[in-house]
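# Predicted model, plus sequence, below.
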Amino acid sequence: MSATTQAQQAERFRALHTGPGLLVLPNAWDAISARLIEEAGFPAIATSSAGVAWALGYADGERISRGEMLAVVRRIVQGVRVPVTADVEA
């Protein structure tokens with residue numbers, strides 16, 4: 001993702017926090033769950049460190065390596081057009 005695109009997504013995400021409605025952020029644990037959330041019409045996606053860890057066979061609580069977590073988040077971001085906020089634990 002280019003710096004410009006990243007800045008645009010950050011601005012979109014910030015604007016969602018200032019809108020008149022409630023912002024609901026479903027949690028994705030992989031690229032396909034993120035795509036399903038996007039296709040359901042949600043304007044942004046969150047990640048769950050627990051969900052990502054469990055999907056990869058780890059227990060929650062900083063058991064997944066930073067590299068593995070960032071690789072999953074990267075695939076999620078690359079797979080959708082909406083802003084993504086990431087809980088990466090460590």
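That came through fine.
# Can you give the contact residues for the helix ranked longest in the chain?
Secondary structure assigned by DSSP state H gives helix 3-18 as the longest helix of the chain. Surrounding helix 3-18, the residues in contact under the criterion CB atoms under 8 Å, 6 or more residues apart in numbering are M1, L23, P43, A44, V82, P83, V84, T85. The C-beta positions use only the backbone N, C-alpha and C, and glycine is treated the same way.
# Can you name the element that comes right after it?
Tracing the chain past helix 3-18, the next element assigned as helix or strand by DSSP states H and E is strand 27-28.
# Off-centre distance for that following strand?
6 Å (CA atoms, centre = their mean, to the nearest Å).
# Please name the strands paired to that strand in the sheet, noting orientation.
Strand pairing for strand 27-28, determined by DSSP bridges: strand 45-47 (parallel).
# So which bits of the partner strand are buried?
Neighbour-count burial for strand 45-47 flags I45, A46, T47 (criterion: 16 or more other CB atoms under 10 Å).
# From the rest of the structure, what touches it?
Against strand 45-47 from outside (CB under 8 Å, 6+ apart): 25-29, 34, 37-38, 72-73, 76, 80, 82-88.
# in the chain, which segments are predicted with low confidence?
For the chain, applying pLDDT under 70 flags the ranges 1, 3-4, 90.
# Farthest from the middle of it: give me that residue.
For the chain, the residue at maximal distance from the C-alpha centroid (CA atoms, centre = their mean) is P20, at 22.5 Å.
# mind checking how far it is from E89?
P20 is 33 Å from E89, where distance means CB to CB, to the nearest Å.
# now E11
26 Å.
# Tell me which of these two has more neighbours.
In this view E11 and E89 are compared by other CB atoms under 10 Å, and E89 has more residues nearby, 15 against 11.
# My read is that the more buried one contacts S65, right?
No. Using CB atoms under 8 Å as the test, E89 is too far from S65 to be in contact (10.2 Å).
# Just the residues contacting the strand or helix carrying V77, thanks.
Using DSSP H and E, V77 sits within helix 66-79. For helix 66-79, the external contacting residues (CB under 8 Å, 6+ apart) are 1, 28-32, 34-35, 45, 47, 49, 52, 55-56, 84, 86, 88-90.
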